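In: Sequence and predicted model, in that order:
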Amino acid sequence: MLALITDYGYKDVYAGILKIVAKEVCKDAEIIDVTHGIEPFNVLEGAVATLVAAKHLPEGSTLVAVVDPGVGSEREAVAARVGGRFLIGPNNGLLWLAAQELGLEKAVRIEKKLVRYSSHTFHGRDLFVPAGAFLECGGGLEELGPETSLTPLPFELYAKLGDKRVETVAVYVDRFGNVMTWAKEAPFELGELVRVNGRPARFVRTFSEVKPGELAVYINSFGYLEVAQYMGDASKSLGLRPGDPVVVEA
Amino acid sequence: MLALITDYGYKDVYAGILKIVAKEVCKDAEIIDVTHGIEPFNVLEGAVATLVAAKHLPEGSTLVAVVDPGVGSEREAVAARVGGRFLIGPNNGLLWLAAQELGLEKAVRIEKKLVRYSSHTFHGRDLFVPAGAFLECGGGLEELGPETSLTPLPFELYAKLGDKRVETVAVYVDRFGNVMTWAKEAPFELGELVRVNGRPARFVRTFSEVKPGELAVYINSFGYLEVAQYMGDASKSLGLRPGDPVVVEA
Amino acid sequence: MLALITDYGYKDVYAGILKIVAKEVCKDAEIIDVTHGIEPFNVLEGAVATLVAAKHLPEGSTLVAVVDPGVGSEREAVAARVGGRFLIGPNNGLLWLAAQELGLEKAVRIEKKLVRYSSHTFHGRDLFVPAGAFLECGGGLEELGPETSLTPLPFELYAKLGDKRVETVAVYVDRFGNVMTWAKEAPFELGELVRVNGRPARFVRTFSEVKPGELAVYINSFGYLEVAQYMGDASKSLGLRPGDPVVVEA
């Protein structure tokens, strides 16, 4: 299974060309579009999506992730083996969270040329997907290039638990405006009234337990503390973007 | 063929994870993304999309539909056999139109646990897609859980034909702003001038028969009366949303 | 490989139904969604996407392109063999650029009825995709209908090179607001200051070589001169849309 995450969007041919090129390198690759809708150049959102998707992928599968504001610059192209899966992408922090959580086994700089394409602006086609398809078809990680180290994500992610208080950081805003944070625990009772950055909210199991327009705080389906506004957009209401601090307290 | 309809959108990893999980339960499932772009929580739009897609699906195939404002609440997860296909989704009316038109054979409440995932907010991953993949790989409907009944769609859909007059309801607005109604007949002549909620329009075979900016009324490719504005957005021009009444008269 | 390009968008079931119907005609077709996000009715954008995707497709594959403001009118449905691939779509210029560059071998008008569907507004389902799937499964081009000629694209595309000057036309605006032009050469030095329609810019290898907010001019990954604004939207900043004139000069 060759999974794809990019910020290429759905308007253009870029994501489609990735799939054509993957088939050129590995005819029988089973390609899964995870998403091409990461916010352009938002490496933090991309890293969180990569983490979450990688944890769902079976061992032996491959995930190519491309959110790459520095394409064409000196940053490396990298392929890594983590927890029995392969992750490929720019070495700008995008693979960091997944590698930390699943366990980095080895990372190499991609130098092997696998397709006829070459450009300064479309390394997804020229480097990342060909390398991913190569691994998917049984190629060896070591054949791609020399060993390297993974670049950390350039954001300070934290989750400090206190007495009825969580200090953490927003890491992802989804289509519904739900704000996922980096905290995995919540020292609150179900139904308890809390405040999120000062705004009243309720700690619940699911956002449908509050009234339309109210803020809900809950552990989301990936195990992280999340803030949602039922039938609304918590991100807009709270003015929260990936990277912003979030304090939840009772 | 395992077809998917959701309101998960294209920004996030949710739709991608559905496909990873489907493959986990049924390795050879052939997955078709019908759409993940249903308006969030719009059960009527989702029910119409489910109806239309189900009618195109071959017998023996499976359609998982997820538009689920009550996720985590008491509403059931349901799987149904209708017209030789399987439909899976929340029991909130989403499957109702397809079941009515294709013929409901049996519905069961999904209780069988097929994957390791469990949450209050992502039943697509935890329940619906695993059940669909189970059926797609030959599992029996009865193995999923006890028999239940399908919940009707909580909207009054009607189409009253009079002399040169149709009273009906808007059921779907597409990307182009075209408004599909619930009427399947139109007592008008081709080329005849009509009024749609009082606004001048023309009854034609296709929207390209009117001038840019004009309103066109025609039988759409699914057999329903539809209002479009050539090179415009009929939904905005007429202020029509799914569920709103539509009167067409000559 | 059966590749799809349309302006159907991602909100509706239309693109999904294409895939269901393709499987009905050619069970083992390997379908690649290139994009369904072409701007509605923008034949120039669609023609450029078709050109670029076709050049990446392997010989023997099939590309169905649908951007069809005249659906239901007298324009033909056409299938063509170009450079060893098959292209299918409305005969409105959409296939013109690809056919010119890859080499038109033969074009036929699609008359063969392959599915039970028939409408005036959804020829993607009724004609184009069934024809593409028929060819993908080994059907003969000549069996689809009588020979015809391809309609040219109704736009004057040009690229005039002068001394430190390019006069050309914008042909595509992507998700990032990058403006691709029809020029394939650039008489400038790397790092040279230029003007794009009078606005200061720099000729570089990649957009990440300019500062956020600055305009960059470079040869894009498909070999065409492109204008981008790093971390911005060149299309908006320059007021450029497909079809507009672009002058770059040092």
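Out: Structure's in. What do you need?
In: tell me the centre residue of chain A?
Out: In chain A, the centroid-proximal residue (CA atoms, centre = their mean) is residue A:49; its distance is 2.2 Å.
In: How about the contacts made by that one?
Out: Taking CB atoms under 8 Å, 6 or more residues apart in numbering or on different chains as the criterion, residue A:49 is in contact with A:5, A:34, A:35, A:38, A:65, A:172, B:12, B:13. C-beta: built from backbone N, CA, C; applies to glycine.
In: what's the helix or strand for it?
Out: Using DSSP states H and E, residue A:49 maps to helix A:43-56.
In: and what of residue A:168?
Out: In this structure, residue A:168 sits in strand A:165-173 according to DSSP H and E.
In: After that strand, heading C-terminal, what element do we hit next?
Out: Using DSSP H and E, the helix or strand that directly follows strand A:165-173 along the chain is strand A:179-181.
In: Can you name the residues of chain A sitting close to chain B?
Out: A:1, A:3, A:5, A:10, A:30, A:32-39, A:49, A:52-53, A:56-58, A:174-176, A:205-209, A:218, A:220-221, A:231 (CB under 8 Å from any CB of the partner chain).
In: related to what we said a few turns ago, so which of the contacts of residue A:49 belong to helices?
Out: Secondary structure of the contacts of residue A:49 is defined by DSSP state H; no position falls in helices.
In: Buried among those residues? Make that a ChimeraX selection.
Out: Buried residues within these, by 16 or more other CB atoms under 10 Å in any protein chain shown, are selected in ChimeraX with:
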select /A:5,34,35,38,65,172 /B:12,13
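In: Could you export the contacts of residue A:49 as TSV, including distance to chain C and pLDDT?
Out: Converted to TSV, the contacts of residue A:49 look like this (distance: CB to the nearest CB, whole Å; pLDDT from 0 to 100):
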residue	distance to chain C	pLDDT
A:5	15	98
A:34	14	98
A:35	12	98
A:38	11	97
A:65	17	98
A:172	20	97
B:12	13	97
B:13	16	98
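In: So which of the contacts of residue A:49 are in strands?
Out: By the criterion of DSSP state E, membership of the contacts of residue A:49 in strands covers A:5, A:34, A:35, A:65, A:172.
In: Name the spans of chain A whose pLDDT lies under the cut-off.
Out: Within chain A, no stretch has pLDDT under 70.
In: can you count the residues close to residue A:111?
Out: Counted with other CB atoms under 10 Å in any protein chain shown, the neighbours of residue A:111 add up to 13.
In: any idea how far chain C is from it?
Out: Distance from residue A:111 to chain C, counting by CB to the nearest CB, to the nearest Å: 19 Å.
In: Which positions in chain A make contact with chain C?
Out: A:8-17, A:19-21, A:23-24, A:33, A:40-41, A:69-73, A:117, A:119-122, A:125-126.
In: Looking at these, which are in helices?
Out: Filtering those for helices - DSSP H - leaves A:14, A:15, A:16, A:17, A:19, A:20, A:21, A:23, A:24.
In: Report the buried members of the residues you listed.
Out: Neighbour-count burial (16+ other CB under 10 Å) is assigned, among those, to A:14, A:15, A:16, A:17, A:19, A:20, A:21, A:23, A:24.
In: Output those as TSV; include the columns distance to residue B:78.
Out: TSV is the format used below for these (distance: CB to CB, whole Å):
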residue	distance to residue B:78
A:14	39
A:15	34
A:16	35
A:17	40
A:19	34
A:20	39
A:21	41
A:23	37
A:24	43
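In: what's the closest of those to residue C:238?
Out: Taking CB to CB as the measure, residue C:238 lies nearest residue A:14 of these, at 21.3 Å.
In: mind listing the strands for chain A?
Out: Applying DSSP E to chain A gives strands spanning A:2-6, A:31-35, A:62-66, A:77-82, A:85-90, A:104-109, A:159-162, A:165-173, A:179-181, A:193-196, A:199-203, A:215-219, A:225-229, A:245-249.
In: circling back: distance of the residue nearest to the centre of chain A from residue A:171?
Out: Here the distance between residue A:49 and residue A:171 works out to 10 Å (CB to CB, to the nearest Å).
In: try residue A:208
Out: Relative to residue A:171, residue A:208 is positioned 23 Å away (CB to CB).
In: Of those two, which one has the most company?
Out: Higher neighbour count among residue A:208 and residue A:171: residue A:171, with 26 against 22, using other CB under 10 Å.
In: correct me, but residue A:231 touches residue A:212?
Out: Yes - shown here, residue A:231 and residue A:212 form a contact pair, counting by CB atoms under 8 Å, at 4.0 Å.
In: Those two: who's more crowded?
Out: Remark: of residue A:231 and residue A:212, residue A:231 carries more neighbours, 16 against 10, as counted by other CB under 10 Å.
In: Residue A:168 reaches residue A:180, doesn't it?
Out: No - look at residue A:168 against residue A:180 with CB under 8 Å: they stay out of range, at 10.1 Å.
In: Need the overlap of contacts for those two.
Out: Among the neighbours of residue A:168, those also in contact with residue A:180 (CB under 8 Å, 6+ apart) are residue A:225.
In: returning to what we had before: using CSV, write down the CA coordinates of the helix holding residue A:49.
Out: Output of helix A:43-56 as CSV, limited to C-alpha atoms (Å, rounded to 0.1, in the frame of the first residue of the first chain):
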residue,chain,number,x,y,z
VAL,A,43,4.5,21.7,7.7
LEU,A,44,2.9,21.3,11.2
GLU,A,45,-0.5,20.2,9.8
GLY,A,46,1.3,17.9,7.4
ALA,A,47,3.4,16.4,10.2
VAL,A,48,0.3,15.7,12.3
ALA,A,49,-1.5,14.1,9.3
THR,A,50,1.6,12.0,8.6
LEU,A,51,1.7,10.8,12.2
VAL,A,52,-2.0,9.9,12.3
ALA,A,53,-2.1,8.2,8.9
ALA,A,54,1.2,6.3,9.5
LYS,A,55,-0.3,4.8,12.7
HIS,A,56,-3.2,3.4,10.7
